[in-house]
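Novice: Generate a structure from the sequence data that follows.
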Amino acid sequence: METTLHVNTVILRQLIAAAQTLRISRSDLIIMLLKKLMNDISRPSRFGRMVQYQERNDKESWKTVHLTVREDDYEYLLDLRKLLKMSVSRILAFAVKKYLGKLNKKNITDKNHYKNYVIIKEFVNNIVCWRLFWGYPPNIERFLSS
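Specialist: This is a model prediction of the structure:
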């Protein structure tokens with residue numbers, strides 16, 4: 001799937017340099033950074049909060065970045081936006097600041113840490129609930145109710 005992000009030129013230069021150094025695509029690097037952040041989410045943002053976007057300065061400081069992702073990765077991006085109440089572009093900027101300097105060739109082998117995406121509808125006391133799985137759980141049958 002293809003999508004776009006609005007990225008500050010400073011962050012974009014950092015992403016380009018890191019992708020070249022690590023010998024991976026920019027899209028793979030972006031997804032890797034976002035998945036690292038997914039692992040660190042301890043709780044979602046406060047309910048009722050508006051989605052926060054990046055602060056925008058002059059137009060010359062921003063570029064539209066085209067991103068090619070797998071379908072399940074795209075769903076992760078949507079979940080992150082919903083859970084963190086931030087635009088995916090803002091989440092990326094945060095992930096770059098938090099993780100980019102710590103990446104090296106040795107620790108990029110987990111770039112596909114989350115694979116597959118499962119969503120299951122269930123009822124708890126007549127309340128509709130949706131379970132999102134970032135990956136395919138072993139023994140998925142136990143989560144499926146008839």
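
Novice: In contact with the closest residue to Phe133 other than its chain neighbours, which residues?
Specialist: Nearest residue to Phe133, sequence neighbours excluded (Cβ to Cβ, 6 or more residues apart in numbering): Val118, at 4.0 Å. C-beta: built from backbone N, CA, C; applies to glycine. Residues in contact with Val118, defined by Cβ atoms under 8 Å, 6 or more residues apart in numbering, are 131-133, 135-137, 140.

Novice: I'd like the distance between Val118 and Gly101.
Specialist: Val118 sits 33 Å away from Gly101, going by Cβ to Cβ, to the nearest Å.

Novice: Asn8 now?
Specialist: In terms of Cβ to Cβ, Asn8 sits 16 Å off from Gly101.

Novice: who's more crowded, these two?
Specialist: Set Asn8 next to Gly101 and count neighbours by other Cβ atoms under 10 Å: Asn8 wins out with 19 against 10.

Novice: Now stretch 73-92: buried residues?
Specialist: Of all the residues in stretch 73-92, those buried under the rule 16 or more other Cβ atoms under 10 Å are 73-77, 79-81, 84-92.

Novice: hang on, the earlier thing: distance to Glu60 and pLDDT for the contacts of Val118 - can I get that in a markdown table?
Specialist: What follows is those, written out as a markdown table (distance: Cβ to Cβ, whole Å; pLDDT from 0 to 100):
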| residue | distance to Glu60 | pLDDT |
| --- | --- | --- |
| Arg131 | 44 | 78 |
| Leu132 | 38 | 77 |
| Phe133 | 42 | 79 |
| Gly135 | 40 | 72 |
| Tyr136 | 44 | 73 |
| Pro137 | 46 | 72 |
| Ile140 | 49 | 73 |
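
Novice: Out of the residues you listed, name the ones that lie in helices.
Specialist: The members of those all map outside helices under DSSP state H.

Novice: tell me which of those is nearest to Arg43?
Specialist: Leu132 (14.8 Å; Cβ to Cβ).

Novice: Tell me who's in contact with that closest one.
Specialist: Counting by Cβ under 8 Å, 6+ apart, Leu132 has contacts 79, 117-119.

Novice: what about Arg81, helix or strand, and which?
Specialist: helix 71-84 (DSSP states H and E).
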